[in-house]
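1. need a structure here:
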Amino acid sequence: MAQTIRKVVFPVAGLGTRFLPATKAVPKEMLPVVDRPLIQWAIEEAAAAGCTEFIFVTSPHKRAILEHFSPAPAYEEVLTARGKDDQLALLQAGLPETAKITEVYQDQPLGLGHAIWCAHEAVGDEPFAVILPDDMVLHKTGCLSQMVKQYEEVGGNLVAVETVPREHTSRYGVLNPGAETGPLVEVKGLVEKPSPEAAPSTLAIIGRYILDPSVMEDLSQFNKGAGGEIQITDTLARLIGSLPLHGFRFDGRRYDCGNRAGFLAANLAYALSPNGAGDQSDLGENLRPMLQSIIDAYSAT
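-> All right, here's what the predicted structure looks like:
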C-alpha cells in the first residue's frame, strides 16, 4: 500500500497579472470566492484529504497569504468578549490544529516544475500533493480526497485530468492515454501545451497532483520545455516506465479561477450550491432572484 500523503505544496509565487489592478496590492490567491480567499479553499481541501504539513512556495511581496494563516489576537479578543464562538473558529482559516506551515521562496518565475522543486527540502523523501489554488473543483468530496483514495491503490504519480475542448489543448499538459480502469487512465506519454492539431488527445491535466519524491531529482536538472520554463509535465513524461503514472477522472465541476470569467463563475456556483457555500444555506436562496433579475435586465437591452 502507498504511503500516506501528509504534505501538500501550494505554488503561489505568481504575480496574477490577469487580475490587475486588483492584484497590485492583494495576491491573486487572496481574492475571495464567496466568503473566503482562494488559498483557504485550497487549504480546506488539503486538510480534508488528511494533509497536515502545508508548504507555500511564494515570494517576498506576497506576505498577505501567510498573514492570513497567522494568529489574529485583536480579532480573537473582540470575538471572545462578544461570545461569538462561530466567528472565532473561522479565524483558523481552515487549518487543522496540528498544522505545520513552511514557507519557501521561488526567486525566479521559471515555471511550475521549478516552483515544485523549490519545495524539495520541505518535502523530503515522501510522496506529496500539489494544489494549484486557481483550479477549484466543486463536489461534496474534495478532489484531493478522491485522489488520495485512488493513490492508496496504485501509488506512483497521479494527476487529475478532464476532457477539454481541442482548441484549448495549448493551455495544458495533455495525455497520450492508454487503458482505462474506472476513473483511472493509464498514461503512455505527456505533451506540454500542444497545438490542437498536435495534441495526442483532449485529456488534460488540471491543478491537482500526487507525486513521488523522485520527481525532485529530475526537476533538479532544470531542463526547460514549453515556453522556456521547467515543466512538471516533462518530468512526469521522463519518469514513465520507472514509476506508474495515471490520470484520474475526478467527480465534480472544475472552475478555472486563473481568468476573470472562470473566477466569476466559481463565485456564482459556490454561492448557489449547498456543497460550496458551507453553512450559508440561505445564500443561494437569496441570490437566485437577484441573479435572475440581472439576467432579465440585460437580456432586454
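2. Just the strands from the stretch 201-301 of the chain, written as ranges.
-> 203-211, 245-249, 253-256 (DSSP state E, counting those that start in this stretch).
3. Show residues contacting the longest one.
-> By C-beta atoms under 8 Å, 6 or more residues apart in numbering, the surrounding residues in contact with strand 203-211 are 5, 116, 127-135, 137, 143-144, 147-148, 151, 157-164, 168-169, 171-175, 177, 185, 190, 232-233, 247, 250, 254. Every C-beta, even on glycine, is put in place using the N, C-alpha and C of the backbone.
4. go again using 7 Å as the cut-off
-> Residues outside strand 203-211 that contact it (C-beta atoms under 7 Å, 6 or more residues apart in numbering): 5, 127-132, 134-135, 143-144, 147, 151, 157-164, 169, 172-175, 177, 185, 233, 247, 254.
5. In helices, which of those appear?
-> 143-144, 147, 151, 233 (DSSP state H).
6. What ranges in the stretch 151-300 of the chain fall below the confidence cut-off?
-> Scanning the stretch 151-300 of the chain with the threshold set as pLDDT under 70 gives 277-281, 300.
7. for the protein, what spans make up the helices?
-> Using DSSP H, the helices of the chain run over residues 38-48, 63-68, 73-81, 85-90, 112-117, 120-123, 143-154, 215-219, 232-239, 260-272, 281-299.
8. For residue 200, find the nearest of those.
-> Residue 200 sits nearest to helix 232-239 of all the helices of the chain, at 11.2 Å, using C-beta to C-beta.
9. follow-up on the earlier one: turn the helices of the chain into CSV, including mean neighbour count and distance to residue 56.
-> Formatted as CSV, the helices of the chain follow (neighbours: other C-beta atoms under 10 Å; distance: least, C-beta to C-beta, whole Å):
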stretch, mean neighbour count, distance to residue 56
helix 38-48, 24, 8
helix 63-68, 16, 6
helix 73-81, 11, 22
helix 85-90, 12, 20
helix 112-117, 24, 10
helix 120-123, 17, 9
helix 143-154, 19, 16
helix 215-219, 20, 17
helix 232-239, 22, 17
helix 260-272, 17, 21
helix 281-299, 11, 29
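10. would you turn those helices into CSV with distance to residue 17?
-> Converted to CSV, the helices of the chain look like this (distance: least, C-beta to C-beta, whole Å):
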stretch, distance to residue 17
helix 38-48, 16
helix 63-68, 17
helix 73-81, 31
helix 85-90, 30
helix 112-117, 16
helix 120-123, 27
helix 143-154, 26
helix 215-219, 25
helix 232-239, 21
helix 260-272, 12
helix 281-299, 28
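11. Quick one: residues contacting the residue nearest to the spatial centre of the chain.
-> With distances taken as C-alpha atoms, centre = their mean, the chain has residue 132 as the residue nearest its mean C-alpha position (2.7 Å). Residue 132 makes contact with 11, 207, according to C-beta under 7 Å, 6+ apart.
12. how about a cut-off of 10 Å?
-> If you count contacts by C-beta atoms under 10 Å, 6 or more residues apart in numbering, residue 132 has them with 9-12, 14, 29, 38, 42, 112, 115, 206-209, 256-258.
13. cool, residue 65 as well?
-> Per C-beta under 10 Å, 6+ apart, neighbours of residue 65: 10, 12-13, 27-30, 37-40, 56, 58-59, 103, 133.
14. Of these, keep whichever come out buried.
-> Those of those that meet the buried threshold are 10, 12-13, 27-30, 37-40, 56, 58-59, 133, by 16 or more other C-beta atoms under 10 Å.
15. ok, the residues you listed vs residue 264, which is closest?
-> Closest to residue 264, out of all of the buried ones among the contacts of residue 65 and judged by C-beta to C-beta, is residue 38, at 13.1 Å.
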